[in-house]
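A.B. asks: Sequence and predicted structure are below.
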Amino acid sequence: MSRRRAVETGPASAAAPAVTEAPAVTEAPASTLHAAADRFLVELAAARGASEHTLRAYRGDLDSFLAACATYAVTSPRAVTPRILRAWLADLSEQGLARASVQRRLSGVRSFLKHLLKNGAIDVSPASGLRQRRAARDLPGALALTEVEALLESTDDSTHAGRRDRALLELLYSAGTRASETVGLDVGDMDLGRGVARVRGKGRKERLAALGRHAVRAIQAYLADPERPRPQGAASAHAVFLGPGGKRLTTRTLQRIVSRAVLRAGIHRPATPHTLRHSFATHLLDRGADLRSVQGLLGHAHLTTTQIYTHVSIERLREVYERAHPRSGKSD
């Protein structure tokens, strides 16, 4: 027995260094950064009320960044360095991503790093010394008033689908709602007597959207339509806009509805639900609405977001001036 115990003890003591090193490997799991990213997304959804679309965008940004970290065998938040961050950005550029797309991904990762800093996972953000170049913003495309009118008149009001599409188009242009806000409307959100609707924007922030009399009439006709499908399922029980199967419309279906209306109206350029939102803001400013009021109607958190529409209006005023003024220089 003693000799057997001595044999067992001998190898164990010889292998002691290997045994003591094993826990060091398991203490730094490969999922450390991934687990932190998962916690960040959970907090984003719970505390900030981020939409599914926003969460998918953040997940894509983080997956790209974490894949870059993995190539450097970096699995811990404290091991992330500015050099790794710059290498990741350079790789995105080499892949042919537009500057705006690169900056958007960097913005998502910055938010993640701020989360790590706030929770003590890192002492300094590796992005703190990284300059974020502001991408040039394209001016939003807006339809002319005649094009909007042609779009609204393109629906066939003798059919249920046409009456629904007319209500959708009138709402998009009358209230300037986003696609997700439009399809997310419930019947209880509408106060057609007062001409307002409660919409839920980004971050589930609520605001009141104004409805013009044409939009009110179109929505009333659609809701009273005997051919309107019965809602199917709890998720669609209170939805305003339904598809043929009684399910709540999706943003993709709304896009197709607008695209078909554009073709019927003979508009020779692409337009989306967001184009009608841009048209709503531009036409208000063209007719003297003040920027603060338009900011509130659009649901923008910051006035700088709304200010881009002033450039659109100025461009239009410039076109009118150069076409009409005898001393503009264009007629020389």
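C.D. replies: Yes, it's here.
A.B. asks: all strands for the stretch 151-300 of the chain, in order.
C.D. replies: For the stretch 151-300 of the chain, the strands defined by DSSP state E, counting those that start in this stretch occupy 190-191, 196-200, 206-210.
A.B. asks: could you dump those strands to a markdown table with distance to residue 101 and mean neighbour count?
C.D. replies: Just so you know, the C-beta spots here come from the backbone N, C-alpha and C atoms, and that holds for glycine as well. Formatted as a markdown table, the strands of the stretch 151-300 of the chain follow (distance: least, C-beta to C-beta, whole Å; neighbours: other C-beta atoms under 10 Å):
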| stretch | distance to residue 101 | mean neighbour count |
| --- | --- | --- |
| strand 190-191 | 37 | 16 |
| strand 196-200 | 27 | 20 |
| strand 206-210 | 29 | 16 |
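A.B. asks: possible to save those strands as TSV with distance to residue 174 and mean pLDDT?
C.D. replies: As requested, the strands of the stretch 151-300 of the chain are exported to TSV (distance: least, C-beta to C-beta, whole Å; pLDDT from 0 to 100):
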stretch	distance to residue 174	mean pLDDT
strand 190-191	12	93
strand 196-200	10	90
strand 206-210	7	87
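A.B. asks: So for residue 277, which of those sits nearest?
C.D. replies: strand 206-210 (10.9 Å; C-beta to C-beta).
A.B. asks: Make TSV from the strands of the stretch 151-300 of the chain and add distance to residue 245 to it.
C.D. replies: Below are these laid out as TSV (distance: least, C-beta to C-beta, whole Å):
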stretch	distance to residue 245
strand 190-191	22
strand 196-200	24
strand 206-210	27
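A.B. asks: Out of the ones you listed, the one nearest residue 146 is which?
C.D. replies: When the strands of the stretch 151-300 of the chain are compared (using C-beta to C-beta), the closest one is strand 206-210, at 22.6 Å.
A.B. asks: Just checking: what are the partner strands of that closest one?
C.D. replies: Neighbouring strands of strand 206-210 in its sheet, by DSSP bridges, are strand 196-200 (antiparallel).
A.B. asks: Count the neighbours of residue 56 for me.
C.D. replies: 12 (other C-beta atoms under 10 Å).
A.B. asks: What pLDDT does the model give it?
C.D. replies: For residue 56, the model assigns a pLDDT of 88.
A.B. asks: Pull out the buried positions in the helix or strand containing it.
C.D. replies: Assigned by DSSP states H and E, residue 56 belongs to helix 52-71. Using 16 or more other C-beta atoms under 10 Å as the test for burial, helix 52-71 gives 54, 57-59, 61-62, 64-66, 68-69.
A.B. asks: which residues of the chain fall in helices?
C.D. replies: In the chain, the helices defined using DSSP state H lie at 2-14, 16-26, 32-47, 52-71, 82-94, 99-118, 145-152, 160-175, 179-183, 213-223, 251-265, 273-286, 291-298, 303-324.
A.B. asks: So what's the gap between the shortest one and the chain middle?
C.D. replies: So that's helix 179-183. 12 Å (C-alpha atoms, centre = their mean, to the nearest Å).
A.B. asks: for the strands of the stretch 151-300 of the chain, which one sits closest to residue 40?
C.D. replies: Here strand 196-200 is closest among these (C-beta to C-beta), at 23.0 Å.
A.B. asks: just to revisit the earlier point, format the helices of the chain as CSV; extra columns: distance to residue 126.
C.D. replies: As requested, these are exported to CSV (distance: least, C-beta to C-beta, whole Å):
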stretch, distance to residue 126
helix 2-14, 42
helix 16-26, 24
helix 32-47, 12
helix 52-71, 11
helix 82-94, 5
helix 99-118, 7
helix 145-152, 48
helix 160-175, 42
helix 179-183, 33
helix 213-223, 49
helix 251-265, 35
helix 273-286, 35
helix 291-298, 35
helix 303-324, 27
